[in-house]
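Asker: give me the fold of what follows.
(2 chains)
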Amino acid sequence: MLSSQQKDATTPTWETFFSEQARACRDPALQQFYATDMPDPETPIRDVEMMALDFETTGMDHHRHAIVSIGMVPFTLRTIRPNAGHYWVVRPQRPLDEASIIFHRITHAEVADAPDLNEVLDEVLDALAGRLAVVHFRHIERPFLDTAVVSRRGERCLFPVIDTMALEARQQRHGWLSRLKAFFGGTPVSIRLADSRTRYGLPAYSSHHAKLDALATAELLQAQIATHYSPETPVGDLWS
Amino acid sequence: MEAEVREIRDHIGQFPPFESLSEELLDEVAQSVEVAYFKSGSTVQEYGEPIESLRYVRSGAIEVYRHNGELYNRLSEGDILGHTGLMHQRRARFPAKAIEDTLLYMIPAQVFDRLCSADDNFADFVELSGPRLQSTVQQNERENDMMVTRVRRLLGRSPVSIEESASVGEAARRMTESQVSSILLLSASGAEDEKAFVGTDGGHWRLTGILTDQDLRIRVLAAEGTTDTRLADIKHERLVTIQSDEAVYEAMMAMLRNNVHHLPVLHRRRPVGVVHLSDIVRYETHSSLYLVSNIFNQSSVKGLERLMPDVRAAFVRLVEEGATSKMVGQAMSSIGRSLIRRLIELAEAEIGPPPVPYCFMVNGSMARNEQSISTDQDNALIIDDSFIPEEHDAWFADLAKRVSDGLDACGYTYCTGGIMGTNPKWRQPLSVWKRYFDEWISDPDPERLLHSSIFFDLEAVHGEERFVEQLQDQVAAKGQQSPLFLAAMARNALNRTPPLGFFRTFVMEQDGKHNNSINIKRRGTAPLVDVIRVHAIAVGSRAQNSFDRLDDISEAKSLPAGQTDKLRYALEFIAMVRVRHQAYELKHDQKPDNNIEPEKVSDGERHNLKDAFQVLSNAQKFLRFRYPMPSR
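Answerer: As a prediction, the model looks like this:
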């Protein structure tokens, strides 16, 4: 884990990683991405510009599956701006299986006409530059994007994210009471996006769609900060 | 359109004032929305703080306060906040706090401005109380034209038809089997025929005529035709039809103009039924006019009692056809008065003529022409001053009892407060009544004020109308000259207050407490009528109906500009909610009452009701200030 509490010599901070990448990268879009300032870990979350990010993929394994759609919604602790967000459908290099069609309602035809991720990658990186990514379950968006960028541009694409699922796990699974329950064989509380939202009185959304899920994730983070943290919480305590 | 915009749009589009927006405007709103989460207990806006957006409650609940901290409103899913502030220097007019975890959609001020200028409904809605209520009431009035009942309302069964190539005999058999007095004639036709419709068999058909019982007599039997005669050979040259969305009135006119008794009814080109003159006549018999004449044809209380289902049907029909509350009140009151008149005629036929002249008067809602369907009786007798109790009272007591019992049998229950001619106190000569009125005005106490509020709405039903007129004159002349009386009446009019509004499935009281239902008469129409009565007496109005009284008040300019209109719209709206509720209950075989459950109140009605309650509440506050207690 990379965070403000672990600044020993052997673990690079996100700041040093970004400045090294900005120097090392040959790809102009990635160079620009890394050259844009990331907030310092001590910055209060209230001052941080964030970007909720959600991918629909053909499966869970970034080595075998591919990105189908990308949704982004910019926000701060004060407002979420879906109208300033983005949405792309891209053509996966691997075929779309039936199960994921049912899940995402993105069809073969839509995907067939869509561009390859490479064609929209510059826009994606530009939108993300300087904004802290917020995802629900960090083991999808970050590795999938990294893998896709490596295969197309030959360079890494890594960045800090706030994972609302991890924040939810801190609350729901790490307390002594939940450990005790788990010890006695209780079912752990669900920390999936929809279930987590319910705990904060957030409405249920009707469908799965990358941009809608990005909006849902942004709303969840606002609720989590309002409930368990404060606007003053340093961003370094929240990202990973 | 992206999924999240659709999601936002689908939600916003369910609630007023967005529900009536055009698709384009609704899309524009949904695309402009920004989102924010407020933890329960957190501040949504402070008084006077700059605001840049209209807030829409997507989920959760918000409490809104007045500047002085008093509870103003409680908002839940679908409600909006900030419109007043946006129109007043873009600063929050009411502080607000989340009382549950709340998700707000924020619609930017520029979009709000555009909605206000592009959509009149929206503009009316966000402008507080006056215009919103006003436009709703005016819209109802526009739609109330009695001409608008559609022909399709009269249709019972689907039409019976036969091919015109068939014989007269076959047609007669089919008419007999189906028990109809007319049959439609069809001929097969091609898809290209512009008068063709697609039948249930999938084929293309064309309506070519109608054959009636009368045609069988005139065109077949009298013309010495046989059962083998082809229908096509005897059909009328011309076919008169009517579209199903035409007014009943038009159907009647079409029959009169063309001298036909059967009209095929079409939906576009497809026949959907046949109206017969008798359908129209039957429809008309539910009208209150017909009822009134029928009341006078009854020769017994039993007969009158049997008319009561018709009275209820007439009430439901008036409401469903969009009559205004004044029309409903007038119709119900004239039915009630006719009933009393007939009861008196029946009584006098048995007990003989009155020993001295008298007037049978009604009070309360019937006197004001504001009667509804579930009501008790308020009546009294004013007898000529030649009245000698020992000699004459037995006759009047008998009369009062017969009328009162008859009314009770017809559903106008006995007055629990004893405001009936059967009570000796309310069966008195004119001079005693004048003394009563004089005492009530010059020296009001709680009991006398109660009497004033009942008896100062008075109208003659039978007998010497001049007796009632003299009393009306007395109220008009004396009432306005007595500041003490006006102040006391004003105080008395504050006894029953409206609630603040609704919150989800509850009625929300001024102190924030919740109730499950509201008595719309006690908490709405009655206190409004009380307020109006005080102003009316103060300007020396002789009108009895609250709307007529408002005209007099307006003319006398005794209220700040616009106030009488606000009271008018508030009364009309609350009264309509009440009669619609009662019509609904009657239609569902329930006993009509005045208790309204919030879940039965539509979103649009909620906002208007809240405004109307606000008008009443403000009017009550103003009353205290307008008619202060004189220092003795």
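Asker: contacts, neighbours, all on C-alpha from now
Answerer: Will do.
Asker: hmm, stretch A:66-82 in reach of chain B?
Answerer: Yes: under the criterion of CA under 8 Å from any CA of the partner chain, chain B is reached by stretch A:66-82 at A:77-82.
Asker: can you select the buried ones from those residues in ChimeraX?
Answerer: Buried subset of the residues of stretch A:66-82 next to chain B, written as a ChimeraX selection, criterion 16 or more other CA atoms under 10 Å in any protein chain shown:
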select /A:77,79,80,81,82
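Asker: narrow the residues of stretch A:66-82 next to chain B to those in strands?
Answerer: With strands defined by DSSP state E, no entry of these lies inside them.
Asker: what about the residues of stretch A:66-82 next to chain B, which are in helices?
Answerer: Within the residues of stretch A:66-82 next to chain B, no residue falls in helices by DSSP state H.
Asker: so which of the residues of stretch A:66-82 next to chain B is the closest to A:Thr16?
Answerer: A:Leu77 (26.4 Å; CA to CA).
Asker: list the contacts for the closest one?
Answerer: A:45-46, A:222, A:231, B:36 (CA atoms under 8 Å, 6 or more residues apart in numbering or on different chains).
Asker: swap in 10 Å and give it another go.
Answerer: Going by CA atoms under 10 Å, 6 or more residues apart in numbering or on different chains, A:Leu77 touches A:45-50, A:218-219, A:221-223, A:225-226, A:231, B:36-37.
Asker: most surrounded residue in those?
Answerer: A:Ala218 (33 neighbours; other CA atoms under 10 Å in any protein chain shown).
Asker: tell me which element that residue falls in.
Answerer: A:Ala218 is part of helix A:210-228, with elements assigned from DSSP states H and E.
Asker: can that helix be found next to chain B?
Answerer: Yes: shown here: helix A:210-228 in contact with chain B (CA under 10 Å from any CA of the partner chain) through A:210-216, A:218-227.
Asker: for chain A, what are the nearby residues on chain B?
Answerer: Counting by CA under 10 Å from any CA, chain B sits next to chain A at B:2-8, B:30-40, B:42, B:58-60, B:100-106.
Asker: for chain B, see how far away the residue nearest the centre of chain A is.
Answerer: By CA atoms, centre = their mean, chain A has its centre lying nearest to A:Val135, at 2.8 Å. Distance of A:Val135 to chain B, computed by CA to the nearest CA, to the nearest Å: 17 Å.
Asker: residue in the stretch 101-250 of chain B nearest to chain A?
Answerer: B:Asp101 (5.7 Å; CA to the nearest CA).
Asker: that residue - how many residues pack around it?
Answerer: The burial count for B:Asp101: 22, using other CA under 10 Å.
Asker: ok, A:Arg152 next?
Answerer: A:Arg152: 12 neighbours (other CA under 10 Å).
Asker: ok, for it, nearest residue in space, not its chain neighbours?
Answerer: A:Asn118 (6.5 Å; CA to CA, 6 or more residues apart in numbering or on different chains).
Asker: show me what contacts that neighbour?
Answerer: Contacts of A:Asn118 by CA under 10 Å, 6+ apart are A:90-91, A:124, A:148-149, A:151-153.
Asker: distance to B:Arg268, secondary structure and pLDDT added to those, as TSV?
Answerer: Output for the contacts of A:Asn118, formatted as TSV (distance: CA to CA, whole Å; DSSP: H, G, I helix; E, B strand; the rest coil; pLDDT from 0 to 100):
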residue	distance to B:Arg268	secondary structure	pLDDT
A:Val90	49	coil	91
A:Arg91	49	coil	86
A:Val124	55	helix	95
A:Ala148	60	helix	91
A:Val149	62	helix	93
A:Ser151	64	helix	91
A:Arg152	62	helix	92
A:Arg153	65	helix	92
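Asker: for chain B, state which of those residues is nearest.
Answerer: Relative to chain B, the closest of those is A:Val90; by CA to the nearest CA it sits at 15.3 Å.
Asker: the nearest residue to B:Gln134 once chain neighbours are set aside is in what secondary structure piece?
Answerer: With CA to CA, 6+ apart as the criterion, B:Gln134 has its nearest non-adjacent residue at 5.7 Å, and that residue is B:Tyr569. With elements taken from DSSP H and E, the one containing B:Tyr569 is helix B:563-587.
Asker: now for that helix, which elements pack on it?
Answerer: helix B:130-143, helix B:308-320, helix B:325-351, helix B:520, helix B:526-538, helix B:546-556, strand B:595-596, helix B:603-626 (3 or more CA pairs under 10 Å, 6 or more residues apart in numbering or on different chains; DSSP states H and E).
Asker: how about the last one: buried residues?
Answerer: Going back to what we said before, that points to helix B:603-626. Under 16+ other CA under 10 Å, the buried positions of helix B:603-626 are B:603, B:605-617, B:619-620, B:623-624, B:626.
Asker: three-state assignment of B:Gly411?
Answerer: coil (DSSP: H, G, I helix; E, B strand; the rest coil).
Asker: wait, it sits on B:Lys591?
Answerer: No: counting by CA atoms under 10 Å, B:Gly411 does not reach B:Lys591; the two are 11.2 Å apart.
Asker: how many residues are close by residue 57?
Answerer: I'll assume chain A. Count around A:Thr57 with other CA under 10 Å applied: 22.
Asker: right idea, wrong chain: chain B
Answerer: With other CA under 10 Å as criterion, B:Val57 counts 20.
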